[in-house]
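Trainee: here you go, sequence then predicted model.
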Amino acid sequence: MLEKLKKNSLKRRLPLIIILLVAAVGLLIYFGPDFITWAKGPVAFEELSIDEIEDQYVSMTFELTFGTYATEVTTTTRNGSTVSERDSMQYHAVLVGGLDRYMYTDESLYWEFIGLAVPSKYFDTVEIIDKNSDEFFENYDLRALDTRMNITGQIFPMDNRMLRYYKSFFRSADYTEEEIDAYCAPYYIQIGSLSRGSIEVVLIMNALAVILILIAGVMLIMALTGAYQKKLIKTLKAQGDMELERADVDFASAFEPAKGIKIGRSYLFDCTSAKTQIIPLRQIAWAYTHQTNHQKYGRTVSTTYNSMIYTEDKKLHRLAIPSKEICDQIMEDLSRKCPAGIFGYSDQLKQLFHKNYDEFTRLRRQKEAELNPDPYTSDPYQNN
């Protein structure tokens with residue numbers, strides 16, 4: 001029995017395990033390279049030349065801006081009307097390699113630029129940097145640059161729209177097309193970002209992939225080791241040393257009215273999920289068939305059936321059954337094997353069960369006595 005139940009658990013869990021693993025692999029394929037990039041750490045932007053910056057994940061000190069070449073505005077609308085507008089991103093032209101490369105060298109170097117996308121949460125600091133930059137360009141006094149930001153981000157190519165703004169900005173600064181092509185790299189640094197999204201998103205997605213793999217692994221181990229049957233085994237062993245063996249024999253000869261539902265002489269086995277549920281027939285207090293009509297536009301489009309089984313501890317076991325005929329068959333079989341159980345539904349029985357359980361129990365004992373007037377000479381649980 002236990003080996004069959006293990007196989008059933010594996011069969012029930014395998015589709016979900018596969019889905020979890022496929023999802024995890026997908027996340028790792030998509031976000032994994034970015035995680036590796038993040039784990040390796042950023043490259044120092046000041047050490048890169050204009051020919052080396054493409055697709056790099058960098059860290060840099062932002063203390064000087066040549067100006068803002070574009071501003072992204074977020075508009076909030078309500079009922080088709082604009083409610084508010086706010087600047088959500090600024091795009092600055094900054095020096096490739098940082099300022100020191102050009103100030104502390106004996107060579108005459110042309111200034112080379114790249115874009116920098118700055119989110120709104122940094123605007124207060126950037127406003128100061130922008131003001132300091134204006135002062136710096138008046139007399140090239142480095143003391144004006146007393147505010148800086150240490151930033152990390154991915155370098156991306158500009159799209160056509162942003163590239164137009166970028167080139168237009170430098171044309172207005174009297175750069176020729178040849179100078180723009182030579183000294184203005186068509187890339188920008190996105191602060192706090194990697195190729196597939198923000199650093200936070202990349203880390204969360206990779207962590208989620210690991211969690212999905214762990215969950216799938218735990219499910220697989222539990223199915224293979226029989227962990228889903230531990231509670232069943234514990235329950236049976238608590239009733240005596242021979243009860244597990246008795247349940248094993250009962251399982252082998254049990255009647256299976258619906259797939260995953262097996263009814264023996266002493267137990268009902270619910271194997272419709274990975275975790276096997278077992279109900280001692282002698283503990284069934286009340287059982288009935290519940291029918292649910294699913295409607296759409298006032299018309300019944302489908303019907304589902306459940307065998308509702310309450311045990312003496314008033315715990316409900318709901319069994320999904322494919323048809324009313326099979327439900328009736330289950331009720332008929334249980335009624336023969338559970339003389340102390342009440343079968344069928346009525347509002348009066350519901351009231352008794354939930355509001356006056358002592359009276360409900362009296363009805364059960366009365367029914368049992370009528371079916372078995374001499375309990376000392378026969379065992380109603382072993383006559384079938």
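Mentor: Ah, there it is.
Trainee: from here on, contacts and neighbour counts on C-alpha atoms
Mentor: Will do.
Trainee: so where do the helices sit in the stretch 151-300 of the chain?
Mentor: Listed in chain order, the helices of the stretch 151-300 of the chain (DSSP state H, counting those that start in this stretch) span 160-172, 177-183, 199-225, 230-238, 243-252.
Trainee: what's the closest of those to G153?
Mentor: For G153, the closest of these is helix 199-225, at 8.7 Å, according to CA to CA.
Trainee: buried set for stretch 99-116?
Mentor: Residues 99, 102, 112-116 are the ones in stretch 99-116 that count as buried (16 or more other CA atoms under 10 Å).
Trainee: of those, which is the nearest to D124?
Mentor: Using CA to CA, those come closest to D124 at L116, 15.8 Å.
Trainee: can I assume that closest one is in contact with H92?
Mentor: Yes: using CA atoms under 8 Å, L116 makes contact with H92 at a distance of 5.0 Å.
Trainee: just want the most central residue of this structure.
Mentor: Residue closest to the mean C-alpha point of the chain, counted by CA atoms, centre = their mean, is L208 at 7.3 Å.
Trainee: which ones are touching the closest residue to R365 other than its chain neighbours?
Mentor: Leaving aside its sequence neighbours, R365 sits nearest to A340 (CA to CA, 6 or more residues apart in numbering; 6.3 Å). Going by CA atoms under 8 Å, 6 or more residues apart in numbering, A340 touches 282, 284-285, 364-365, 367-368.
Trainee: reformat these into CSV and put neighbour count, distance to S9 and pLDDT next to each item.
Mentor: Below are these laid out as CSV (neighbours: other CA atoms under 10 Å; distance: CA to CA, whole Å; pLDDT from 0 to 100):
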residue, neighbour count, distance to S9, pLDDT
R282, 18, 26, 87
I284, 24, 25, 91
A285, 23, 28, 91
R364, 18, 35, 85
R365, 16, 37, 87
K367, 16, 38, 80
E368, 18, 36, 75
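Trainee: count the neighbours of N160 for me.
Mentor: Neighbours of N160 under the rule other CA atoms under 10 Å: 10.
Trainee: low-confidence ranges in the stretch 51-200 of the chain?
Mentor: Applying pLDDT under 70 to the stretch 51-200 of the chain picks out residues 82, 105-108.
Trainee: cutoff 90 now
Mentor: Within the stretch 51-200 of the chain, the set of residues satisfying pLDDT under 90 comprises 54, 73-88, 97-110, 137-143, 197-198.
Trainee: longest strand in this protein, please.
Mentor: strand 81-95 (DSSP state E).
Trainee: what sits against the closest residue to Q291 other than its chain neighbours?
Mentor: Among residues not flanking Q291 along the chain, Y305 sits closest, at 4.7 Å (CA to CA, 6+ apart). By CA under 8 Å, 6+ apart, the contact set of Y305 is 289-292, 320-324, 327.
Trainee: for those, which one is nearest K230?
Mentor: Here the nearest of the contacts of Y305 to K230, counting by CA to CA, is A320; it sits at 23.3 Å.
Trainee: count of residues packed around the closest one?
Mentor: There are 16 residues near A320, going by other CA under 10 Å.
Trainee: helix/strand/coil for it?
Mentor: At A320 the chain is in strand, as set by DSSP: H, G, I helix; E, B strand; the rest coil.
Trainee: that one and L236, how far apart?
Mentor: As defined by CA to CA, to the nearest Å, A320 lies at a distance of 24 Å from L236.
Trainee: also S193?
Mentor: Counting by CA to CA, the gap from S193 to L236 is 57 Å.
Trainee: just M103 next, same as before
Mentor: Between M103 and L236 the computed distance is 83 Å (CA to CA).
Trainee: can you check Y345 too?
Mentor: In terms of CA to CA, Y345 sits 30 Å off from L236.
Trainee: surely S88 and P119 touch.
Mentor: Yes: counting by CA under 8 Å, P119 is a contact partner of S88 at 6.1 Å.
Trainee: quick check: neighbours shared by those two?
Mentor: Residues touching both S88 and P119 by CA under 8 Å, 6+ apart: none at all.
Trainee: got a list of what A285 touches?
Mentor: A285 touches 309-312, 314, 340-342, 364, counting by CA under 8 Å, 6+ apart.
Trainee: can you tell me which of the residues you listed are buried?
Mentor: 309-311, 340-342, 364.
Trainee: out of these, which are inside helices?
Mentor: R364 (DSSP state H).
Trainee: how about JSON lines for the helices of the stretch 151-300 of the chain, with distance to Q154 added?
Mentor: Compiled in JSON lines, the helices of the stretch 151-300 of the chain are given as follows (distance: least, CA to CA, whole Å):
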{"stretch": "helix 160-172", "distance to Q154": "17"}
{"stretch": "helix 177-183", "distance to Q154": "20"}
{"stretch": "helix 199-225", "distance to Q154": "10"}
{"stretch": "helix 230-238", "distance to Q154": "51"}
{"stretch": "helix 243-252", "distance to Q154": "62"}
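Trainee: S84 is nearest to which of those?
Mentor: Set against S84 and scored by CA to CA, these come closest in helix 160-172, at 23.6 Å.
Trainee: which other residues reach that closest one?
Mentor: Under the contact criterion CA under 8 Å, 6+ apart, helix 160-172 has outside partners 69-70, 177, 180, 186.
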